[in-house]
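Engineer: What follows is a predicted protein model with its sequence.
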Amino acid sequence: MSSKMRALVTYGAHDYRYEEVEIPRAGSGEIIIKVEGCGICAGDLKAFKGGSVFWGDGKKPPYLEVPAIGGHEFVGHIVEIGEDIDKKETYGIADKEFKVGDRVAVEQIAPCGTCRYCREGKYHLCAPHNVYGFKNYLNGGFAEYAKLTKESLIYKIPEDMPLEQALLIEPYACSMHAVDRAKIEADDIVVISGAGCLGLGMITAARRKNPRCLIALDLNDERLKMAEEFGCDRVVNPAKEDLEAVIMELTKGYGCDVYIEATGHPSSVKQGLEIIRKAGRFIEFSLFLEPVTCDWSVIGDGKELDMHGVSLSYGCFPETIRGLYSGELKSDGVVTHRFELCDYEAAFEQSGSGAGSVKVAFTF
Ligand SMILES: [Zn+2]
Ligand SMILES: [Zn+2]
């Protein structure tokens, strides 16, 4: 193989360059894959647009360490395996034996293995928090080849799994973790706010818990149609229907048992606090561009809510791979657009516009 590859390299906000770079080589415990495709995450888009979470705000140092190759939602085939791969430091849930030609997916975080969180098994909260695509020593999938480091959590995936399914493994694993945090029971009325890729992943994961009623909210009717196909009992466009009236009627005036916030809009937080019942479970998944303000006393004195945050995809890769492959987790039509890497500007624009697109991916 030639020693150069095409890659989309991040130099700064709005400064991404399509370049030829050296193909990475596998050191001890490392694996090189030929990337088949890589989805564009909301985080990648926010980094492109200069979000302060990624580039710092004068007080916080930037999370991004550039130049770096973006993308963490990628899959590919192993082309090179470093020595001592059998001694690779990894967690019980990841696969341990690999050979050239295996098709694999990788978790977005490469946990250090030594911090307090890693030692307690909560590797997804790892203190250094190194995620693919945001660090120059952890280049992601916006390139023809990628190096999977020895700390990475790597999983084999079936050779005949369609690429449109494989590209959803990472986002759907995050969705599944959100649903796990909600501890849904048979009698619950569950509201999922936001029916983008992650919301749809939550809907199809939540359907398997068979709650009494599963409701999706979105301002986009196309997405609500998909939400229905993915198993929602009821969908509501809050711009067109009186959401509070709908929920109160369904719940005899009490409010929903579970509210999962997956829109990234502050108004969805306020709305959730209004329609959730006392002692309900409020699950927060989103990354917001700005701080959210709301009436905090609703959480305590008002309703004694259980508030649960969600970060990444803790322990959910194996079940997500199995569920997508078996069709139990619905994914038809979620990957709406595929772009060549050189058309990255159009890809980011499509991903950001939301018009007619759910998941946008680069494929090779
Ligand atoms: Zn992502
Ligand atoms: Zn750690």
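Structural biologist: Yes, it's here. Ligands and ions are numbered 1, 2, ... in the order given.

Engineer: Low-confidence ranges, the stretch 51-200 of the chain, go.
Structural biologist: Along the stretch 51-200 of the chain, segments meeting pLDDT under 70 span 89-92.

Engineer: near ligand 2, which residues of it?
Structural biologist: Residues of the stretch 51-200 of the chain lying close to ligand 2 by CB under 5 Å from the ion are Pro111, Cys112, Cys115, Cys118, Cys126. To be clear about C-beta, it is placed using only N, CA and C from the backbone, and glycine gets the same treatment.

Engineer: Mind doing that once more with 8 Å?
Structural biologist: Within reach of ligand 2 by CB under 8 Å from the ion, the stretch 51-200 of the chain has these residues: 111-119, 123, 125-129.

Engineer: Could you write me a PyMOL select line covering just the buried ones among those?
Structural biologist: A single PyMOL command selects the buried members of those (16 or more other CB atoms under 10 Å):
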select buried, resi 111+112+115+117+118+123+125+126+129
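
Engineer: so of the residues of the stretch 51-200 of the chain next to ligand 2, which ones are in strands?
Structural biologist: Nothing among these maps onto strands, per DSSP state E.

Engineer: which one among the residues of the stretch 51-200 of the chain next to ligand 2 gets closest to Ile215?
Structural biologist: Ile215 lies nearest to Leu125 out of these, by CB to CB, at 29.9 Å.

Engineer: Just list the residues touching that closest one, thanks.
Structural biologist: The neighbourhood of Leu125, defined by CB atoms under 8 Å, 6 or more residues apart in numbering, consists of Tyr117, Ser311.

Engineer: go on, Lys209?
Structural biologist: Val179, Ile184, Glu185, Ala186.

Engineer: So it: helix, strand or coil?
Structural biologist: coil (DSSP: H, G, I helix; E, B strand; the rest coil).

Engineer: Roughly how far does it sit from Ile184?
Structural biologist: 4 Å (CB to CB, to the nearest Å).

Engineer: list the contacts for the closest residue to Asp180 other than its chain neighbours?
Structural biologist: Using CB to CB, 6 or more residues apart in numbering and skipping residues adjacent in sequence, the residue nearest Asp180 is Cys316, 7.1 Å away. The neighbours of Cys316, taking CB under 8 Å, 6+ apart as the test, are Ala173, Cys174, Met176, His177, Asp180.

Engineer: Next, Asp282: phi, psi?
Structural biologist: Asp isn't right for residue 282; it's Phe. Dihedral angles of Phe282 (phi, psi; degrees, to the nearest 10) stand at phi -100, psi 120.

Engineer: any idea of the pLDDT on it?
Structural biologist: Looking at Phe282, its pLDDT stands at 98.

Engineer: just Ile275 next, same as before
Structural biologist: 98.

Engineer: how about it, what does it touch?
Structural biologist: Val191, Leu243, Glu244, Ile247, Met248, Gly255, Cys256, Tyr259.

Engineer: For those residues, give me a markdown table that also has neighbour count, distance to Ile169 and secondary structure.
Structural biologist: Formatted as a markdown table, these follow (neighbours: other CB atoms under 10 Å; distance: CB to CB, whole Å; DSSP: H, G, I helix; E, B strand; the rest coil):
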| residue | neighbour count | distance to Ile169 | secondary structure |
| --- | --- | --- | --- |
| Val191 | 29 | 26 | strand |
| Leu243 | 19 | 32 | helix |
| Glu244 | 13 | 36 | helix |
| Ile247 | 26 | 33 | helix |
| Met248 | 16 | 38 | helix |
| Gly255 | 22 | 34 | coil |
| Cys256 | 24 | 29 | strand |
| Tyr259 | 30 | 26 | strand |
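
Engineer: quick one: which of the residues you listed is nearest ligand 2?
Structural biologist: Tyr259 (30.7 Å; CB to the ion).

Engineer: Show me the strands in the stretch 151-300 of the chain, by range?
Structural biologist: For the stretch 151-300 of the chain, the strands defined by DSSP state E, counting those that start in this stretch cover 154-156, 189-193, 213-217, 234-236, 256-261, 276-284.

Engineer: thinking Phe45 is in contact with Ser353, fair?
Structural biologist: For the record, residue 45 is Leu, not Phe. No: using CB atoms under 8 Å, Leu45 is not in contact with Ser353, being 10.5 Å away.

Engineer: need the strands for the stretch 1-150 of the chain, in chain order.
Structural biologist: Counting by DSSP E, counting those that start in this stretch, the strands of the stretch 1-150 of the chain are 4-12, 15-22, 31-39, 68-69, 73-81, 103-106, 145-148.

Engineer: Of those strands, which is nearest Ala166?
Structural biologist: Once these are compared by CB to CB, strand 73-81 is nearest, at 4.5 Å.

Engineer: Only alpha carbons, please: show the closest one as PDB.
Structural biologist: Provided in PDB are the C-alpha atoms of strand 73-81 (Å, rounded to 0.1, in the frame of the first residue of the first chain):
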ATOM      1  CA  GLU A  73     -18.500   7.300  14.400                       C
ATOM      2  CA  PHE A  74     -16.400   5.000  12.200                       C
ATOM      3  CA  VAL A  75     -16.000   1.400  11.200                       C
ATOM      4  CA  GLY A  76     -13.500  -0.400   9.000                       C
ATOM      5  CA  HIS A  77     -11.300  -3.500   8.300                       C
ATOM      6  CA  ILE A  78      -8.100  -4.300  10.000                       C
ATOM      7  CA  VAL A  79      -5.100  -4.000   7.700                       C
ATOM      8  CA  GLU A  80      -2.200  -4.100  10.300                       C
ATOM      9  CA  ILE A  81      -1.800  -5.300  13.800                       C
END
